[in-house]
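Chemist: Pasting the sequence and the predicted model now:
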Amino acid sequence: MNATILVDASGLSCPQPVLLTRQALRAHPGAAIAVLVDTGTSRDNVARLAEREGYQVVVEERPEGGYRLVLRP
Amino acid sequence: MSRLSRLFISRWGPLITGVVVGILAPVLATLGNPGNMGICVACFTRDIAGALGLHRAAPVQYIRPEIIGFVLGALIAALLFREFRPRTGSAPLVRFFLGMFSIIGALVFLGCPWRAYLRLAAGDWNAIPGILGLVVGIVIGVLFLKQGYSLGRTRPAPAAVGWIMPVLMLGLLALLLAAPLFGRSAEGEPIGPIFFSTSGPGSQAAPIAIALAAGLLIGFLAQRSRFCTVGAVRDLILTRDPHLFNGIVALVIAGFLTSLALGLFQPGFEGQPVAHTNGLWNFGGMVLAGLAFTLAGGCPGRQVFMSGEGDADAGVFVLGMLVGAGVAHTFNLASSPAGPSIYGPAGVVVGLIFCVLVGLTMREPAST
């Protein structure tokens, strides 16, 4: 993975994972961004935001629980 | 299974859930639940508080099977789809008080956001100032979120933590079915709790099996679709995302058509079931509720569902609502169909002060 920007949104309530992700997308336009979340809800919400912003989303389950999303422009 | 899972995560999820709620709520009212109260998370939590003796308002005491079904339906969905994640640690005490004040606000209006939309669908125009208040409360919450408001992170917890709320619901179901009398009068006669209303809204109830089944179905669907009546408005404002809001539109349309078909649609302000006509405090109560729900991350239904999928902090919020319902009635804060109570407005002001202080002071450093 060459994602250099990491957003750790694990354990945060709605809508903070989406807000942190949007903040990172705006701060680093064109960059690949990895987002850590702990629930299916946050995974789906972040993925929906990224897709609406035109990013491709790959979701990986983390062995320790939760998900790692990689967002690529 | 995975196709079903994808369906509910897609934009159809909230739509289907909204339609099911919009149909089932008026049907439950026809089968015995109070008017325009086929489903109301705040009112039903208040009834449970009364049944347990946490308040002694005789007309509103009943263990509502719908709430039990909500938690257990969400639990079943979470277990089936591997989303049961026991977790806790995100400012539970703050969430307890947010739960308390949210229900105080909701009981000044006489309904949670779910019931506000259902009342609108059935022609109770008093819901309009309530919904406007809800939106204002959510907007204030969004302003705090934009400033970096956060209650901090949950951490994974042992499985037992996630099972407490579902087991509590099984306990409530046992109390509903067995209806024991724990109290004793001055003469030594057995009296409640458990209390069951013999008149008023608490005495009006759909058959237990049907109410429980409806609750299980809605709990299941809502866990899958992440249905949230506050997140709906919040996401529309914050990120222009209509995903959850479509569910509310579906709920109102389905509720309207079902109410019309069942002869329950009754447009107007006066004489609406379990409602009052004081626009100012219909508005004010819901400003408080909307703000408290937004600060806690979701509507009361959503908190109940999350408590079924292992979120112990959501469970603490729900218990805050239960205690808050007790406070609302013992301290004479809750409205009645006659109008707001004398202390209700003061309760709303205290709640707003609490919520604004929470909104201003709770922060977590950005982690990017």
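Modeler: Arrived safely, thanks for sending. Numbers count the residues shown, from 1 in each chain, chains lettered A, B, ... in the order given.
Chemist: Alongside chain A, which residues does the stretch 51-200 of chain B contribute?
Modeler: B:81, B:83, B:85, B:87, B:89-90, B:145-146, B:150-156 (CB under 8 Å from any CB of the partner chain). No exception for glycine: its C-beta is placed from N, CA and C like everyone else's.
Chemist: Take these and keep only those in helices.
Modeler: The helices, defined by DSSP state H, take in B:145-146 from those.
Chemist: mind listing the strands in the chain by residue range?
Modeler: Unless you meant another one, I'm taking chain A. A:5-8, A:33-37, A:56-61, A:67-72 (DSSP state E).
Chemist: The chain in question should be chain B.
Modeler: With DSSP E as the criterion, chain B has strands at B:87-88, B:155-156, B:183-184, B:190-191.
Chemist: What parts of chain A come near chain B?
Modeler: Counting by CB under 8 Å from any CB, chain A sits next to chain B at A:5-16, A:18-20, A:22-24, A:27, A:38-41, A:44-45, A:48-49, A:52, A:65.
Chemist: Of these, just the buried ones, ChimeraX syntax please.
Modeler: This is the ChimeraX syntax for the buried subset of the residues of chain A next to chain B, where burial follows 16 or more other CB atoms under 10 Å in any protein chain shown:
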select /A:7,9,10,11,12,13,14,15,16,18,19,20,22,24,38,39,40,41,44,45,48,49
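Chemist: so who does the most centrally placed residue in chain A touch?
Modeler: Centroid-nearest residue in chain A: A:V35, 3.3 Å away (criterion: CA atoms, centre = their mean). Going by CB atoms under 8 Å, 6 or more residues apart in numbering or on different chains, A:V35 touches A:6-7, A:9, A:17, A:20-21, A:24, A:46, A:68-69, A:71.
Chemist: same deal with B:V350?
Modeler: B:F101.
Chemist: Count the residues that sit near the residue in the stretch 101-250 of chain B positioned nearest to chain A.
Modeler: Nearest residue of the stretch 101-250 of chain B to chain A (CB to the nearest CB) works out as B:R153 at 3.1 Å. For B:R153, the neighbour count with other CB atoms under 10 Å in any protein chain shown is 19.
Chemist: shouldn't it be in contact with B:E364?
Modeler: Yes: at 7.4 Å, B:R153 and B:E364 qualify as touching, with contact defined as CB atoms under 8 Å.
Chemist: list the residues that contact both of the two?
Modeler: A:L12.
Chemist: Run through the chain and note the low-pLDDT ranges.
Modeler: As the question left the chain open, I've gone with chain A. Residues of chain A that meet the criterion pLDDT under 70 lie in A:1-3.
Chemist: should've been chain B
Modeler: Short version for chain B, where the test is pLDDT under 70: B:1, B:365-368.
Chemist: Need the residue in it that's farthest from the chain's center.
Modeler: B:E187 (38.3 Å).
Chemist: Look up phi and psi at that one.
Modeler: B:E187 adopts backbone torsions of phi -90, psi 0, taken as degrees, to the nearest 10.
Chemist: what sits against it?
Modeler: B:E187 touches nothing, counting by CB under 8 Å, 6+ apart.
Chemist: Report the separation between it and A:R68.
Modeler: Distance from B:E187 to A:R68, counting by CB to CB, to the nearest Å: 66 Å.
Chemist: And for B:G192?
Modeler: B:G192 sits 52 Å away from A:R68, going by CB to CB.
Chemist: now B:R11
Modeler: B:R11 is 24 Å from A:R68, by CB to CB.
Chemist: okay, these two: which has more neighbours?
Modeler: A direct count of neighbours by other CB under 10 Å for B:R11 and A:R68 places A:R68 higher, at 18 against 14.
Chemist: Can you tell me the number of residues neighbouring the nearest residue to the more buried one once chain neighbours are set aside?
Modeler: Leaving aside its sequence neighbours, A:R68 sits nearest to A:E60 (CB to CB, 6 or more residues apart in numbering or on different chains; 4.7 Å). For A:E60, the neighbour count with other CB under 10 Å is 12.
Chemist: need the contact list for B:R155.
Modeler: Counting by CB under 8 Å, 6+ apart, B:R155 has contacts A:11, B:87-89.
Chemist: Make sure B:A42 is actually in contact with B:A106.
Modeler: Yes: using CB under 8 Å, B:A42 makes contact with B:A106 at a distance of 3.8 Å.
Chemist: How many neighbouring residues does B:G268 have?
Modeler: A count of neighbours around B:G268, defined by other CB under 10 Å, yields 11.
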